[in-house]
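*Asks:* Here's my sequence, what's the structure:
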Amino acid sequence: MKDIILIIPYFGQWPVWFDAFLSSVVKNPTIHWLCPTNCPIPKTHPENITFLPTTLSTLNTKVNTIVSANVPLTPRKFCDLKPAYGDIFYDEIRDYDYWGFCDLDIVWGDIRQFITPRVLDEYDIISSRKEAISGHFTLFRNTNYIQELYKKLPNYKTLFEHPKFQWTDEVALTNYLKNNQELKVYWPKILCNQERGRDSHQDYYLDRWQWQDGKMINTKTNKEVMYLHFINWKRTMRYCEVDYSNLPSHFFISYNGIHVKRHSSGHHVLNNIKNVFNGYWVKEKRRIRKLKLKSLIKRGKNKLRKVL
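*Replies:* Predicted coordinates for the structure are as follows:
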C-alpha cells in the first residue's frame with residue numbers, strides 16, 4: 001500500500017466543526033495528516049494526524065529560505081504555496097510515497113475507496129477536480145522533480161511575493177500541467193460534492209449529507225463521495241454536536257451546523273421556502289448581476305471620457 005500524507009497548515013482558532021473533521025480523519029487510518037499550527041493541540045486526537053507547533057513568523061522565515069522569495073505569509077497566502085509543500089516540508093514527507101494538500105473545511109469519507117492502488121501506481125498527480133488542480137485535495141508522487149515542480153511555474157516568485165492570493169495552486173499549476181504533459185495527471189471527474197456542475201458550492205440544505213462510519217453519503221441521491229467540502233457553508237455553520245472524544249457512528253451536516261438527529265419536516269419546508277428567495281444560488285445570481293452592472297457602468301464612463 002502506498003503511503004500518503006496530506007499537509008494542512010492552520011493558524012488562528014480551530015473552527016467550530018473541528019471535532020467532526022478529526023472524527024473523519026480517524027476513520028482513514030492509512031492516510032496521514034501534517035498540521036503546522038499555532039492553535040492549542042487537542043488533548044485527544046487521531047494517531048494519524050501530526051500537529052507541528054509553530055508560529056506564522058517562524059514558518060514564514062523557513063518558507064522564504066526554501067523558496068528563495070519574500071513571501072508575505074498569511075493564512076490565506078498558504079494557498080499560493082501549496083505546490084511547494086513537498087519542498088517546504090521535505091523533512092516531514094520524505095518517507096511517504098505521496099504527499100499532498102487539502103483544506104480544513106472538509107469532512108472526509110473513505111479516501112482509499114476513491115484513490116485506489118491502480119490510480120496511485122499509474123499517476124504522478126491526482127486531483128479531486130475535473131481537469132483542474134484542486135486546492136482542497138491534490139496528491140503528488142514524492143520525487144525530487146515533483147517536489148520542485150513549482151519552480152517551473154512562470155514567474156512563481158512574483159506569484160509568491162504578491163500580497164494577495166494569486167491562485168497559484170488551482171490556476172497557475174493547472175495551466176502548466178495542461179501545457180507541459182510530461183507527468184501523468186489523474187483528473188477525470190469530481191470526487192467531492194458537486195452541484196450544477198461545480199464542486200464544493202451548494203445551496204443551504206438541511207440534512208443533505210450524512211457521515212456514516214467513515215462514509216460520506218448524499219442523503220438525496222444515496223451516492224457516496226470521497227469528502228464533503230462545505231466551502232460556502234463556513235460562514236453559516238454555527239454549531240457542532242460531534243465530540244471526537246466520544247466518537248459517534250454517524251452525524252448529519254447541514255448548512256447551519258453538524259448534528260446527530262435529522263431536522264423535522266417542518267424545518268425542511270421552511271428552509272426550502274427560504275432558499276427560493278434567499279438561497280445560495282439566488283445570492284450568486286444577484287452578485288453576478290451587480291458585477292455586470294458595475295462593469296457596464298465603468299465601460300460607459302470610459303467611453304464618455306474619450307468622447308469628452
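*Asks:* Start and end of stretch 94-105, how far apart?
*Replies:* 26 Å (Cα to Cα, to the nearest Å).
*Asks:* can you list contacts of it?
*Replies:* By Cβ atoms under 8 Å, 6 or more residues apart in numbering, the residues outside stretch 94-105 that reach it are 2-8, 10, 15, 17-18, 21, 32-33, 82, 85-86, 89, 93, 120, 126, 135-142, 169, 229-231, 233-234. For glycine as for every other residue, the C-beta is placed from the backbone atoms N, C-alpha and C.
*Asks:* in it, what's buried?
*Replies:* Buried residues in stretch 94-105, counted by 16 or more other Cβ atoms under 10 Å: 96, 98-105.
*Asks:* Then stretch 69-76?
*Replies:* Those would be 69, 71, 73, for stretch 69-76 by 16+ other Cβ under 10 Å.
*Asks:* now the helices for the stretch 1-150 of the chain?
*Replies:* 18-26, 56-67, 78-81, 85-88, 90-93, 111-114, 117-122, 144-147 (DSSP state H, counting those that start in this stretch).
*Asks:* ok now the last one, how far from the chain's centre?
*Replies:* On the basis of Cα atoms, centre = their mean, to the nearest Å, helix 144-147 sits 22 Å off its chain's mean C-alpha point.
*Asks:* picking up where we left off before, right, so of the helices of the stretch 1-150 of the chain, which gets closest to residue 153?
*Replies:* Nearest to residue 153 among those is helix 78-81; the distance by Cβ to Cβ comes to 10.2 Å.
*Asks:* Show me what that closest one is in contact with.
*Replies:* For helix 78-81, using Cβ under 8 Å, 6+ apart, the contacting residues are 9, 63, 67, 71, 73, 88, 135, 159-160, 162, 165-169.
*Asks:* next one: stretch 234-244
*Replies:* By Cβ under 8 Å, 6+ apart, stretch 234-244 touches 15-20, 22-23, 26, 42, 44-45, 105, 204, 230, 248, 251, 255-260.
*Asks:* Now the buried members of the residues you listed.
*Replies:* For the contacts of stretch 234-244, a burial check counting by 16+ other Cβ under 10 Å picks out 15, 17-20, 22-23, 26, 45, 105, 204, 230, 251, 255-259.
*Asks:* in the chain, which helix or strand is least confident?
*Replies:* helix 280-307 (a mean of 84; mean pLDDT, DSSP states H and E).
*Asks:* if I look at residue 90, how far off is residue 66?
*Replies:* Per Cβ to Cβ, to the nearest Å, residue 90 is found 8 Å from residue 66.
*Asks:* what's around residue 29, how many residues?
*Replies:* Applying other Cβ atoms under 10 Å, we find 12 residues neighbouring residue 29.
*Asks:* Could you find the closest non-adjacent residue to it?
*Replies:* Closest residue to residue 29 apart from its sequence neighbours, by Cβ to Cβ, 6 or more residues apart in numbering: residue 48 at 5.6 Å.
*Asks:* again, but for residue 63
*Replies:* residue 71 (5.3 Å).
*Asks:* how close does that neighbour sit to residue 99?
*Replies:* Applying Cβ to Cβ to residue 71 and residue 99 gives a distance of 20 Å.
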